[in-house]
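>>> sequence first, predicted model second:
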Amino acid sequence: MDTADSPLTYRDATDADVDALVALIESAYRGDSSRAGWTTEADILQGQRTDPQGVLEVVKAPDSRLLTVERDGRIVACCQLEHRGAHAYFGMFAVSPALQGEGLGKTIIAEAERQARETWGATEMHMTVISVREDLIAWYERRGYRRTGETTPFPYGDERFGIPQRADLRFELLVKPLA
């Protein structure tokens, strides 16, 4: 029985998880299914969010982990952690749209921060968020992340990242001390 009280288990993704993780990430960000949750990017980006090759690259990369979160034997969330010297990078964060709003995201990001600090001695967590995603940035700010104003261009023309529906997309760096 799937209940909100069931414990979450955390493990590193394996090759066998790739298809399920692609489906989870796509469901959280793209298409009509993503509209069930609040993390949808369907209005600003169409096409894919990721693909099996992209997920497999994260699984296989040195100094990188794709933390897979399960409840009752089902994958319900994931996030990428990458060791980059004194800081860790947090990305590819997805929570099943059906479970969004239950506090899972807060719990998972706190666990990711703990693991980055304890495993790698990371003193900061970095992430990039599409700058027009004000609601999402505000959610991260409530978790202690701060906007840096440092931006990088969105990869227009590279459909691996989706098909932009507006011309003002860029990524903003958010940072949180982990001390």
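That came through, no problem. Numbers count the residues shown, from 1 in each chain.
>>> what about Val112, neighbour count?
One correction, residue 112 is Ala, not Val. Ala112 has 21 neighbours, counted by other C-beta atoms under 10 Å. Where you see a C-beta, it was placed from the backbone N, CA and C, and this is true even at glycine.
>>> could you look up the SS state of it?
helix (DSSP: H, G, I helix; E, B strand; the rest coil).
>>> wait, what's in contact with the residue nearest to it when sequence neighbours are not counted?
Leaving out its chain neighbours, the residue that sits closest to Ala112 by C-beta to C-beta, 6 or more residues apart in numbering is Cys79, at 5.3 Å. With contact set as C-beta atoms under 8 Å, 6 or more residues apart in numbering, Cys79 has these partners: 66-67, 69, 90-94, 108-109, 112.
>>> so Cys79 is in which element?
Applying DSSP states H and E as the criterion places Cys79 in strand 74-84.
>>> residues in contact with the next helix or strand after that strand?
From strand 74-84 onward toward the C-terminus, using DSSP H and E, the following helix or strand is strand 87-95. When contacts are defined by C-beta under 8 Å, 6+ apart, strand 87-95 is touched by residues 24-25, 27-29, 37, 39, 50, 55, 58, 66, 76-82, 104-105, 108-109, 112-113, 116, 120, 122-128, 175, 178.
>>> mark which of those residues are buried, thanks.
24-25, 27-29, 37, 39, 50, 55, 58, 66, 76-82, 104-105, 108-109, 112-113, 116, 120, 122, 124-128, 175, 178 (16 or more other C-beta atoms under 10 Å).
>>> go through those and flag which are in strands.
The strands, defined by DSSP state E, take in 66, 76-82, 124-128, 175 from these.
>>> nearest the geometric middle of this structure, what residue?
Central residue of the chain (C-alpha atoms, centre = their mean): Phe93, 1.3 Å from the mean position.
>>> what angle separates the strand holding Cys79 from strand 87-95?
Following axes from the mean of the first three to the mean of the last three C-alpha atoms, to 10 degrees, one obtains 160 degrees for the angle between strand 74-84 and strand 87-95.
>>> how far off centre is strand 74-84?
7 Å (C-alpha atoms, centre = their mean, to the nearest Å).
>>> can you list the strands that that strand pairs with?
Taking DSSP bridges as the criterion, strand 74-84 sits next to strand 64-71 (antiparallel), strand 87-95 (antiparallel) in its sheet.
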